[in-house]
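Trainee: the sequence and its predicted three-dimensional model are supplied below.
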Amino acid sequence: MNVLISAIKILIFPGILFTVVMGVLLTGINNRLVARMQNRVGPPILQPWYDFLKCCGKETIVPRHAKKGIFLNAPLVGLVVLLTTALFVPMLGHTMFSTGADLIVVLYLLTFVSVTMIIGAAASGSPFAGVGLSREMVAMVSYELPFVFVILAVGRLAGRGTDIGVTFSLARIAEYQVENGAILTHISMIPAAIAMLLVIPCEIGMHPFDIAEAETEICEGTLAEYSGRPLAMFRLTHCIKVYVMSALFSAMFLSGFSTGILMVDAQLQILFCLVVTFISMTVPHAVCARLKVEQVFKFFWTFVAGLALISLVLVWFGL
């Protein structure tokens with residue numbers, strides 16, 4: 001019976017199926033809100049799912065000079081890795097998988113998802129994909145530094161009183177917030193929270209940080225040669241990452257609002273993810289133009305990294 005319950009949790013709720021549904025819904029709601037803010041009608045909320053099904057029914061075309069095996073398998077590997085990542089992100093304290101360094105595991109798995117896109121683009125042999133993968137690497141280098149600073153700040157605050165004075169366990173971070181209140185309510189952590197909200201759209205590849213795809217410049221960049229089911233998997237991966245990053249923010253900064261009741265916490269999780277999506281993705285998409293490659297790098301290594309570093313310094317000195 002315990003095995004059956006665990007399988008249901010992993011495969012259905014709050015596991016893979018819930019993650020996919022939330023990713024598609026959040027992406028659809030984001031697209032609809034952006035359209036409304038720009039005085040457009042916008043697509044149906046389920047349009048990302050319709051696009052996924054449509055791509056699955058299309059022919060998969062492999063470029064003549066592509067490395068076929070790598071080209072076709074990269075999207076599948078990225079999707080599987082991201083779904084695995086979602087199992088490490090707790091729902092307001094309700095954890096599927098837990099280790100002593102969840103945040104480090106999540107950081108590396110998210111990086112690996114981006115690497116699969118780079119590898120797939122490189123295997124396509126397309127010059128547009130080549131430009132796109134170089135831009136994707138610049139984006140990764142840009143947001144990883146402030147992302148690490150945010151993780152260190154949160155880990156330092158939640159790890160006070162432990163043997164090493166810092167923790168990277170999301171379960172421990174959730175326990176700290178239950179005992180001391182949500183980390184977002186600590187004044188010293190507000191700069192880190194703002195930095196994390198800015199990291200999220202770049203990690204996902206959302207406008208105005210979608211430099212790796214840039215449809216009007218490099219014809220979808222990393223995805224230029226993809227079609228059919230591989231393209232569908234990349235699109236679904238993008239949707240799921242919207243939920244995973246929103247849920248990660250919730251786990252790191254908002255777990256203190258947990259009630260301990262799974263169904264109630266699930267509703268709070270959905271609400272928090274909607275709010276995070278609106279603030280970090282919808283608003284920038286609606287009001288900002290796409291940044292240049294050099295602007296993205298400078299923005300994250302100065303302003304965003306500076307915000308995260310302020311919080312890290314404050315919590316390190318016990319403030």
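Mentor: Cool, the structure landed.
Trainee: dump the residue contacts of the residue minimising distance to the centre of the chain.
Mentor: Nearest residue to the geometric centre of the chain (CA atoms, centre = their mean): Met245, 3.2 Å. Residues counted as contacts of Met245 (CB atoms under 8 Å, 6 or more residues apart in numbering) are 200, 203-204. Every C-beta, even on glycine, is put in place using the N, C-alpha and C of the backbone.
Trainee: let's verify it: helix, strand, or coil?
Mentor: Secondary structure state of Met245, per DSSP: H, G, I helix; E, B strand; the rest coil, is helix.
Trainee: and the closest residue to it other than its chain neighbours, how far is that from Pro48?
Mentor: The shortest distance from Met245 to any non-neighbouring residue, by CB to CB, 6 or more residues apart in numbering, is to Ile200 (4.6 Å). Going from Ile200 to Pro48 by CB to CB, to the nearest Å gives 18 Å.
Trainee: then Gly306?
Mentor: Distance of Gly306 to Pro48, computed by CB to CB: 34 Å.
Trainee: tell me which of these two has more neighbours.
Mentor: Pro48 (24 against 14; other CB atoms under 10 Å).
Trainee: so that one: helix, strand or coil?
Mentor: Applying three-state DSSP: Pro48 is helix.
Trainee: element containing the closest residue to it other than its chain neighbours, please.
Mentor: Nearest residue to Pro48 in three dimensions, chain neighbours excluded: Thr27, at 4.6 Å (CB to CB, 6+ apart). If you go by DSSP states H and E, Thr27 is part of helix 16-37.
Trainee: need the residues that contact that helix.
Mentor: The contact list for helix 16-37 (CB under 8 Å, 6+ apart) reads 10-12, 41-49, 52, 83, 86-87, 236, 238-244, 246-247, 270, 273-274, 277-278, 281-283, 285-287.
Trainee: the same query, at a cut-off of 7 Å, please.
Mentor: 10-12, 41-43, 45-49, 83, 86, 239-240, 242-243, 246, 273-274, 277-278, 281-282, 285-286 (CB atoms under 7 Å, 6 or more residues apart in numbering).
Trainee: for stretch 211-230, same thing?
Mentor: Contacts for stretch 211-230 (CB under 7 Å, 6+ apart): 55-56, 58-61, 63, 66, 72, 75, 117, 121, 124, 126, 128-129, 131-133, 135-136, 139, 205, 231, 234, 290-291, 293, 296.
Trainee: for PyMOL, write the select line for the buried members of those.
Mentor: Restricted to buried positions by 16 or more other CB atoms under 10 Å, the PyMOL selection for these reads:
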select buried, resi 55+63+66+72+75+117+121+124+126+128+129+131+132+133+135+136+139+205+231+234+290+291+293+296
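Trainee: which ones among the contacts of stretch 211-230 lie within helices?
Mentor: With helices taken from DSSP state H, the overlap with the contacts of stretch 211-230 comprises 55-56, 72, 75, 117, 121, 124, 128-129, 131-133, 135-136, 139, 231, 234, 293, 296.
Trainee: what subset of the contacts of helix 16-37 is buried?
Mentor: Using 16+ other CB under 10 Å, the buried members of these are 10, 45, 48-49, 83, 86, 239-240, 242-243, 246, 273-274, 277-278, 281-282, 285-286.
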